[in-house]
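Enquirer: the sequence isn't on hand, but the structure is:
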């Protein structure tokens, strides 16, 4: 059976598992070259498919390499609601064991994916006392916005979301409209509400990145591919707020297709049937 590769339109040959593609040249580079380039920017976004253990292993590999180069490195994670920041601070300081951390962040009520997938990253954060930043809005709010719009939220709920929400990006809107057509859910058939929820999500995480990236800081952001693809979501919105440079690393399974515009770097991973385990009861998001 021929080896599966990642296809990039207009390129003559596909890229095999393990290739790291610099999209400015469409050429494969070494891990060392990747880190050399990532080390020159303020914010590094590393994507994932949430259930893929190999994706989290790559994130940890990038994180440890950049931590060795930066004294003031922070880790931003989509997996935590920013209102839990006090608990994340306790974790980074080594004041909580794993069981209490899971309980106090309500991991299996909020994020729900198997903690084993993220254990390596979070253990490293605690081991190195790296500041851990929660990026997400409260997890119950996107469904509320999707069904009733921002105006349906209580004032205290609205206060946990970014004050400025940009719904005017036509390319982003078109991209999400295609996703909306493919994944309609009963009671969530208003695209404007759906798009408002997505933008509230992106802008809130962008605001958290901007608020927590000091002048001399660097940050590695652990986040789903969908929030960084083509930089529509968090990267562009955070850069607009902070005026800090960034680069994106998109993790794409062999056997599929990616576009050079998807990210600054595309890392080809194993075909998509090689996945980790997720807890039941949560719709998968990428």
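Expert: Cool, the structure landed. Just so it is clear, the model here is predicted, and its values are computed rather than measured. Numbering: from 1, shown residues only.
Enquirer: now do the same for residue 95: helix, strand or coil?
Expert: coil (DSSP: H, G, I helix; E, B strand; the rest coil).
Enquirer: near it, how many other residues are there?
Expert: Applying other CB atoms under 10 Å, we find 12 residues neighbouring residue 95. (C-beta placed from N, C-alpha, C; glycine too.)
Enquirer: which residues of the protein score low on pLDDT?
Expert: Applying pLDDT under 70 to the chain flags the ranges 1, 184-185, 187, 273-286.
Enquirer: all strands of it, in order?
Expert: 5-6, 15-16, 20-22, 27-29, 43-46, 73-81, 132-136, 218-222, 246-253, 265-269 (DSSP state E).
Enquirer: can you spell out which helices and strands pack onto the fifth one?
Expert: Packing partners of strand 43-46 (3 or more CB pairs under 8 Å, 6 or more residues apart in numbering; DSSP states H and E): helix 53-67, strand 218-222, helix 234-242, strand 246-253.
Enquirer: kindly reformat the strands of the chain as JSON lines containing mean neighbour count and distance to residue 160.
Expert: Below are the strands of the chain laid out as JSON lines (neighbours: other CB atoms under 10 Å; distance: least, CB to CB, whole Å):
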{"stretch": "strand 5-6", "mean neighbour count": "20", "distance to residue 160": "38"}
{"stretch": "strand 15-16", "mean neighbour count": "18", "distance to residue 160": "41"}
{"stretch": "strand 20-22", "mean neighbour count": "20", "distance to residue 160": "37"}
{"stretch": "strand 27-29", "mean neighbour count": "14", "distance to residue 160": "40"}
{"stretch": "strand 43-46", "mean neighbour count": "26", "distance to residue 160": "22"}
{"stretch": "strand 73-81", "mean neighbour count": "23", "distance to residue 160": "8"}
{"stretch": "strand 132-136", "mean neighbour count": "23", "distance to residue 160": "10"}
{"stretch": "strand 218-222", "mean neighbour count": "26", "distance to residue 160": "19"}
{"stretch": "strand 246-253", "mean neighbour count": "23", "distance to residue 160": "24"}
{"stretch": "strand 265-269", "mean neighbour count": "24", "distance to residue 160": "32"}
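Enquirer: any chance of the ones you listed in TSV, plus distance to residue 55?
Expert: Compiled in TSV, these are given as follows (distance: least, CB to CB, whole Å):
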stretch	distance to residue 55
strand 5-6	14
strand 15-16	16
strand 20-22	14
strand 27-29	19
strand 43-46	9
strand 73-81	13
strand 132-136	17
strand 218-222	10
strand 246-253	5
strand 265-269	6
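Enquirer: nearest to residue 171, of those?
Expert: Taking CB to CB, strand 246-253 is the member of the strands of the chain nearest to residue 171, at 15.7 Å.
Enquirer: what's near enough to touch residue 84?
Expert: When the contact criterion is CB atoms under 8 Å, 6 or more residues apart in numbering, the partners of residue 84 are 104, 105, 106, 134.
Enquirer: likewise residue 141?
Expert: If you count contacts by CB under 8 Å, 6+ apart, then residue 141 has 153, 157, 160, 161, 200 around it.
Enquirer: distance of it from residue 227?
Expert: Distance of residue 141 to residue 227, given as CB to CB, to the nearest Å: 16 Å.
Enquirer: residues near residue 176, how many?
Expert: Residue 176 has 21 nearby residues by other CB under 10 Å.
Enquirer: so it touches residue 198, yeah?
Expert: Yes: at 5.6 Å, residue 176 and residue 198 qualify as touching, with contact defined as CB atoms under 8 Å.
Enquirer: what's the spatially most central residue of the chain sitting at in phi/psi?
Expert: For the chain, the residue nearest the mean C-alpha position is residue 223 (1.3 Å; CA atoms, centre = their mean). Backbone torsions of residue 223, given as degrees, to the nearest 10, read phi -160, psi 160.
Enquirer: hang on, isn't it packed against residue 78?
Expert: Yes: using CB under 8 Å, residue 223 is in contact with residue 78, at 4.4 Å.
Enquirer: find residues that contact each of the two.
Expert: Common neighbours of residue 223 and residue 78 (CB under 8 Å, 6+ apart) are 135, 205.
Enquirer: give me the distance between residue 75 and residue 54.
Expert: On the measure of CB to CB, residue 75 and residue 54 end up 19 Å apart.
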